[in-house]
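Visitor: need the 3D shape of this:
(2 chains)
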Amino acid sequence: MRRAGGFYAQLAFCALVCAFLIVPVILSVSAGLTVNFLQGVKSGLTLRWIGAVWSLYSDTISLSLLVALACLGATLLLGVPAAYVLAKRQTRWTRLAEELLVLPVAVPGLATALALILLYGGFRGFRTSWVFILVGHVLFTLPFMVRSVLAVLSSIDLKTLEEGAASLGASFAQRFFGVVLPNCRSGILAGALMVVTLSIGEFNITWMLHTPLTKTLPVGLADSYASMRLEIGSAYTIVFFLMIVPLLLLLQRFAGERR
Amino acid sequence: MNASEAASIRLERCAKTFADGTRALEPLELAIAAGETVVLLGPSGCGKTTTLRLIAGLESPDPGGRVLFGEADVTALPIERRNVGMVFQSYALFPNLDVRGNVGYGLKVRGLPAAERAARVEEMLAMMQIAPLAARRIDQLSGGQRQRVALARALAVRPRALLLDEPLTALDAKLRDQLRLEINALLRRLGITAVYVTHDQAEAMALGDRIVVMSQGRVAQIGTPREIYRAPADRFVADFIGVMNRLAGEVRDGAFVCAAGRLPWNGKAPVREVLFRPEDAAIVAAAEAQLTGSVAAAIFLGDRTRLSVDGFGAEPIIVETSGRHVFAPGDTVHLRIAEGALLSL
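Guide: Below is the predicted model:
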């Protein structure tokens, strides 16, 4: 097949962009697996650094998972009913609430964190517990859950579906759990993956809110780059990839299924 | 299903004002007998859907209004406790359930044992002739099939009344006619109390034991299709149902005299206007003519020809003929109006 010159130009450009994105990743991963990064791969490959990361930082990994799951639970409990109300009541006030909900995304994470510290810093028990970080994460991720569920709810004729269910004798609880939730399942799932991914990777807010005893994975990563050998920081990046890439793949696949 | 479960429905002084102050319905009195099919007919915004929603329990009347099923006051009951079946224009089927799941939904939320539920679902599927579709997803069904599923779902719970909100409006013309016949047969067979909302007068004529014609939140006329058509209560009803011709003139010596001729008249006087339906005017020879006009336009419809005839004042009148004669604009036509067909309002 004959290709026009434009095709090859596009291919070259695409390859260039891919290289720009992928080469640092490859470099970082290889650094985490080589015995000595300054000598290069010829110094030999090793899993030693990953082992070191595990012994030094495994608590940050489990804390990240704990925060992410708790954050998911909180955004489900708060976000899904909120999206339902926003979809059901289309007034000036709900429109306003919808707009205000994205503020935590627009405002720099550091500012959100600072506000939390100013407000709650005096409560020592709260300030030093991991729940403090959870609050920051919920603030940051809740809009994504609400938006995702709201998008699906707005695309179906929610009012008539509920009226249909009610005419058949379904109570509010039966309608909500039997009709509303199953029909916005795709939005809930997409929102859930988004929330977990964002929570695991969140750095700005967490860095301000953490204490030496409540470090999450990204905070630990910054810490390791700052104070450890480069190989350990890179190995840490590999661990982070192993956690986040499957989630991103799921998210991608899911977005495809939603037409 | 047996007819004894059907409830009579009564609306007493039911008005509806929406939160933004819009008056959707003036105080309304309406009595529907058990087993009767009543059609609420009118243009959009006339209050027919609001009336249906008051009966369903999806809206509540302004203070002072009452809704009664039989002798029971159900005004305060929400829809889920009224035991009505409802069919929507947009079907409102649950996309997360298959056909069987949809039909069985009402039985499931009522906590009916699984075996009984399955038997009732099969009965409904057979009745609506959709048994082969039982395992289909809703998005795999055509519009006509969806509405059959919706009917089966509404009837499965053995409702005291079946409420239909423009159920055929979303379907194409041929399917609409067919499903209308089926719904008609079904309602007669089940003997269920049914309230049917439509803006389509042909649908109303075909289905209703009685028709409630509504306009601007008020009842314009309640009557059988024949009464509504033959003896419209006012100009609105006369114009909304079918085609009505008007002649302006006055009564003189036992005859109504107008620009196009004289018509025998022994009704009330004085009268400034008389009305008649197109099918009551026959095209006759000049010697027998009561009215004479000239053809303004002739539209061949296949089984008949529709003539628009000038010479009767401001507006032409409409006459229909099934004859084979070909009319051209400008032809003179002689008309005779059937005895007893003239109306005055």
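Visitor: and the stretch 51-200 of chain A, which residues reach chain B?
Guide: Proximity of the stretch 51-200 of chain A to chain B, by Cβ under 8 Å from any Cβ of the partner chain, involves residues A:156-157, A:160-161, A:163-171, A:174, A:178-179, A:182-183, A:185. (Glycine included, C-beta is placed from N, CA and C.)
Visitor: so who does A:Met105 touch?
Guide: Check again: residue A:105 is Val, not Met. A:Phe140, A:Pro143, A:Phe144 (Cβ atoms under 8 Å, 6 or more residues apart in numbering or on different chains).
Visitor: and the pLDDT for it?
Guide: Per-residue confidence (pLDDT) for A:Val105: 81.
Visitor: hang on, the earlier thing: now, which of the contacts of A:Val105 lie within helices?
Guide: A:Phe140, A:Pro143, A:Phe144 (DSSP state H).
Visitor: tell me, how many residues neighbour A:Val102?
Guide: 13 (other Cβ atoms under 10 Å in any protein chain shown).
Visitor: if you skip the residues just before and after it, what's nearest to it?
Guide: A:Pro143 (5.1 Å; Cβ to Cβ, 6 or more residues apart in numbering or on different chains).
Visitor: isn't the one you found right up against A:Leu101?
Guide: Yes: counting by Cβ atoms under 8 Å, A:Pro143 does reach A:Leu101; the two are 4.8 Å apart.
Visitor: looking at those two, which is more packed in?
Guide: For A:Pro143 versus A:Leu101, neighbours defined as other Cβ under 10 Å are more numerous around A:Pro143 (22 against 19).
Visitor: give me every residue that touches the more buried one.
Guide: A:Leu101, A:Val102, A:Pro104, A:Val105.
Visitor: from the stretch 201-345 of chain B, which residue is nearest to chain A?
Guide: B:Leu207 (20.1 Å; Cβ to the nearest Cβ).
Visitor: the helix or strand containing B:Ser308: which residues count as buried?
Guide: Here B:Ser308 sits within strand B:305-310, counting by DSSP states H and E. Neighbour counts over strand B:305-310 (16 or more other Cβ atoms under 10 Å in any protein chain shown) mark B:Thr305, B:Leu307, B:Ser308, B:Val309, B:Asp310 as buried.
Visitor: what does stretch A:226-243 give?
Guide: A:228, A:230-240, A:243.
Visitor: farthest pair within the residues you listed?
Guide: The two members of the buried residues of stretch A:226-243 with the most space between them (Cβ to Cβ) are A:Leu230 and A:Met243, at 20.8 Å.
Visitor: what are the ranges of the helices in the stretch 101-250 of chain B?
Guide: Here the stretch 101-250 of chain B has its helices, by DSSP state H, counting those that start in this stretch, at B:114-127, B:143-156, B:173-190, B:201-207, B:225-230, B:235-240.
Visitor: what residues does the fourth one touch?
Guide: When you say that, I think you mean helix B:201-207. Residues contacting helix B:201-207 (Cβ under 8 Å, 6+ apart): B:37, B:39, B:41, B:168, B:176, B:180-181, B:183-184, B:187, B:196, B:198, B:211, B:225, B:229, B:240-242.
Visitor: could I get the contacts of A:Val105 as TSV with distance to A:Asp59?
Guide: Formatted as TSV, the contacts of A:Val105 follow (distance: Cβ to Cβ, whole Å):
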residue	distance to A:Asp59
A:Phe140	22
A:Pro143	29
A:Phe144	27
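Visitor: so which of those is the closest to B:Phe236?
Guide: B:Phe236 lies nearest to A:Pro143 out of the contacts of A:Val105, by Cβ to Cβ, at 52.3 Å.
Visitor: what distance do you get for that closest one to chain B?
Guide: 26 Å (Cβ to the nearest Cβ, to the nearest Å).
Visitor: and that residue, what's its pLDDT?
Guide: 91.
Visitor: ok, now how distant is it from B:Leu164?
Guide: 42 Å (Cβ to Cβ, to the nearest Å).
Visitor: on that earlier part again, including distance to B:Glu339 and mean pLDDT, could the helices of the stretch 101-250 of chain B go into TSV?
Guide: Shown next, in TSV, are the helices of the stretch 101-250 of chain B (distance: least, Cβ to Cβ, whole Å; pLDDT from 0 to 100):
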stretch	distance to B:Glu339	mean pLDDT
helix B:114-127	47	93
helix B:143-156	44	93
helix B:173-190	32	90
helix B:201-207	24	91
helix B:225-230	14	93
helix B:235-240	20	90
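Visitor: and stretch B:122-132, what's buried?
Guide: Here stretch B:122-132 shows B:Met124, B:Leu125, B:Met127, B:Met128, B:Ile130 as buried, counting by 16+ other Cβ under 10 Å.
Visitor: just the closest of these to chain A, please.
Guide: B:Met124 (12.6 Å).
Visitor: OK, contacts around the closest residue to the closest one other than its chain neighbours?
Guide: Spatial nearest neighbour of B:Met124, chain neighbours left out: B:Ala152 (4.1 Å); criterion: Cβ to Cβ, 6+ apart. Applying Cβ under 8 Å, 6+ apart, we find B:Ala152 in contact with B:Val103, B:Met124, B:Leu125, B:Met127, B:Met128, B:Ile130.
Visitor: got the contact list for the fifth one?
Guide: Remark: with contacts taken as Cβ under 8 Å, 6+ apart, B:Met128 is in contact with B:Arg148, B:Val149, B:Leu151, B:Ala152.
Visitor: give the contact list for the third one.
Guide: Translated: B:Leu151. If you count contacts by Cβ under 8 Å, 6+ apart, B:Leu151 has them with B:Val87, B:Met128, B:Pro167, B:Ile183, B:Leu186.
Visitor: distance of it relative to chain A?
Guide: From B:Leu151 across to chain A, the span is 12 Å (Cβ to the nearest Cβ).
Visitor: what of the last one?
Guide: Applying Cβ to the nearest Cβ, one obtains 12 Å for the distance of B:Ala152 from chain A.
Visitor: same deal with the second one?
Guide: In this structure, B:Val149 and chain A are separated by 11 Å, where distance is defined by Cβ to the nearest Cβ.
Visitor: repeat that for the first one.
Guide: Separation of B:Arg148 from chain A (Cβ to the nearest Cβ): 15 Å.
Visitor: correct me, but B:Asp303 touches B:Ser322?
Guide: Yes: using Cβ under 8 Å as the test, B:Asp303 is close enough to B:Ser322 to be in contact (6.7 Å).
Visitor: farthest from the middle of chain B: give me that residue.
Guide: Residue farthest from the centre of chain B, counting by Cα atoms, centre = their mean, is B:Ala287 at 41.2 Å.
Visitor: and that residue, which of the three is it?
Guide: What DSSP: H, G, I helix; E, B strand; the rest coil gives for B:Ala287 is helix.
Visitor: quick one, what contacts it?
Guide: B:Ala287 touches nothing, counting by Cβ under 8 Å, 6+ apart.
Visitor: which SS class is the residue positioned nearest the centre of chain A?
Guide: Closest residue to the average C-alpha location of chain A: A:Leu198 at 1.4 Å, with Cα atoms, centre = their mean. Three-state assignment for A:Leu198 (three-state DSSP): helix.
Visitor: not counting sequence-adjacent ones, nearest residue to it?
Guide: Nearest one to A:Leu198, counting by Cβ to Cβ, 6+ apart, is A:Thr141 at 5.0 Å.
Visitor: what distance do you get for the one you found to A:Leu101?
Guide: With Cβ to Cβ as the criterion, A:Thr141 and A:Leu101 are 11 Å apart.
Visitor: picking that back up, can you redo the buried residues of stretch B:122-132 as JSON lines with distance to B:Glu203?
Guide: Listed next are the buried residues of stretch B:122-132 as JSON lines, based on distance: Cβ to Cβ, whole Å:
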{"residue": "B:Met124", "distance to B:Glu203": "24"}
{"residue": "B:Leu125", "distance to B:Glu203": "25"}
{"residue": "B:Met127", "distance to B:Glu203": "22"}
{"residue": "B:Met128", "distance to B:Glu203": "19"}
{"residue": "B:Ile130", "distance to B:Glu203": "22"}
